[in-house]
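Participant: build me a model:
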Amino acid sequence: GFLFDVLLLHRIDSTPLLIHQGAYLVLAAALIVWDYWLQFLPTPPQGFIGAIAQYRLWLMHFLLGTLLNAFLIFYFRASSGILAFSFLVALAVLIVGNELPHFRAKGPVVRIILLSFSVTSYLAYLLPVLWGQLRTWQYALASILGGASTFLLWRLLHRLVNDSTWTFRRGVAPSLVLQALLLALYFAGVIPPVPLSLKHIGIYANVTPTKDANGNRHYELSRQQASTWHSWFDRDGTFVDRSGSRAYVYVRIFAPAAFSDAVRFAWEYEAGDRGWIARGQPFATTLTGGSEAGFRTFAYSTLGRPGQYRVRVLTMDDREIGRTTFTFVEGDPPEKQMTID
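Facilitator: As a prediction, this is how the structure comes out:
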């Protein structure tokens, strides 16, 4: 099922996809309420309803599992760095757990926690898609609504069934703890910045915007030839030039249609025991969405002393979309290869 979703899920801003996932959330919530209500009936339902009721647990976890698959794919596309990778691993473990009978046997508590996480993750990219920009308040609102959905379910189940064991501590508190954890991970930069994703990043000797006869913008990219082992073990390898020369970073960033925002390029230099040192303030540039291949833009920095450099591509609230590193060696620059994007 996960591989099936990998093949079919493309644009995170697809209207049919967003409607489809929203419907899954509503159906999953309805099935959770129905399942809880059925447990307190004096006799199980008969006939056609009874036949359907036998598959309610399977259907609930199918809906939730499908949503978790989609979240993992979208988070993966937007992820960068080891912290984001650890979040993806935790989400993958959750997907596997959702398929295990022992996990499902925990009852409505785990299903409501899964639903709460799904509501937050869904809104985390629905709100930016609708707003046309990515802002911190959107994830905070998504988390609040994720916790509120749990509280509303708890109150609804209390009205349907007089169950003294279904307390706030059991039905709502675990979800609120989850939402607090998600907010902490968000502000720590662990949760990837969906719905944005980096399609390409590279270090170039020169980037020149041009226009053809029809007025379409193209980019002439001059890149230093890399040795074979560099192409395998170091994305951009060694950049050779004179001190004071420029290095260009060129990116293609996917953003939803009607998206109008900005991104920042943070250039850094590795200074031994002091770690990575910022080279001035990050440079901000516009970001427009809609292109399947991604919005093309670039920035440059004047290189100082030889050593390790990196460029981090950031959202306006300092969440990392992607990064690349390279080694600057002072010397005569090698032959360059020019391509046009």
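Participant: please make it C-alpha for all contacts and neighbour counts, starting now.
Facilitator: OK.
Participant: what pLDDT does residue 35 get?
Facilitator: Per-residue confidence (pLDDT) for residue 35: 89.
Participant: elements contacting the helix or strand harbouring residue 169?
Facilitator: Using DSSP states H and E, residue 169 falls within helix 168-171. Applying 3 or more CA pairs under 8 Å, 6 or more residues apart in numbering; DSSP states H and E, we find helix 168-171 packed against helix 108-131, helix 136-160.
Participant: deepest of those, which one?
Facilitator: helix 108-131 (a mean of 21; mean count of other CA atoms under 10 Å).
Participant: tell me the angle that helix makes with helix 136-160.
Facilitator: Angle of helix 108-131 versus helix 136-160, following axes from the mean of the first three to the mean of the last three CA atoms, to 10 degrees, is 140 degrees.
Participant: what does the helix holding residue 169 contact?
Facilitator: Residues outside helix 168-171 that contact it (CA atoms under 8 Å, 6 or more residues apart in numbering): 109, 112, 150, 151, 154.
Participant: got it, and stretch 204-215?
Facilitator: Counting by CA under 8 Å, 6+ apart, 217-224, 246-250, 298, 336 sit against stretch 204-215.
Participant: what do you get if the cut-off is 6 Å, keeping everything else the same?
Facilitator: The contact list for stretch 204-215 (CA atoms under 6 Å, 6 or more residues apart in numbering) reads 217, 218, 219, 220, 221, 222, 223, 247, 248.
Participant: export those to a markdown table and tack on distance to residue 24, neighbour count and pLDDT?
Facilitator: Formatted as a markdown table, the contacts of stretch 204-215 follow (distance: CA to CA, whole Å; neighbours: other CA atoms under 10 Å; pLDDT from 0 to 100):
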| residue | distance to residue 24 | neighbour count | pLDDT |
| --- | --- | --- | --- |
| 217 | 41 | 12 | 88 |
| 218 | 41 | 14 | 93 |
| 219 | 42 | 18 | 94 |
| 220 | 45 | 14 | 94 |
| 221 | 44 | 22 | 94 |
| 222 | 47 | 19 | 93 |
| 223 | 47 | 21 | 90 |
| 247 | 47 | 20 | 94 |
| 248 | 44 | 20 | 96 |
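Participant: okay, and which of these map to strands?
Facilitator: 217, 218, 219, 220, 221, 222, 223, 247, 248 (DSSP state E).
Participant: quick one: the helices in the stretch 1-150 of the chain?
Facilitator: Here the stretch 1-150 of the chain has its helices, by DSSP state H, counting those that start in this stretch, at 2-8, 15-38, 47-53, 56-78, 82-98, 101-104, 108-131, 136-160.
Participant: could you give the angle of the second one to helix 56-78?
Facilitator: Relative orientation of helix 15-38 versus helix 56-78 (the same axes, to 10 degrees): 140 degrees.
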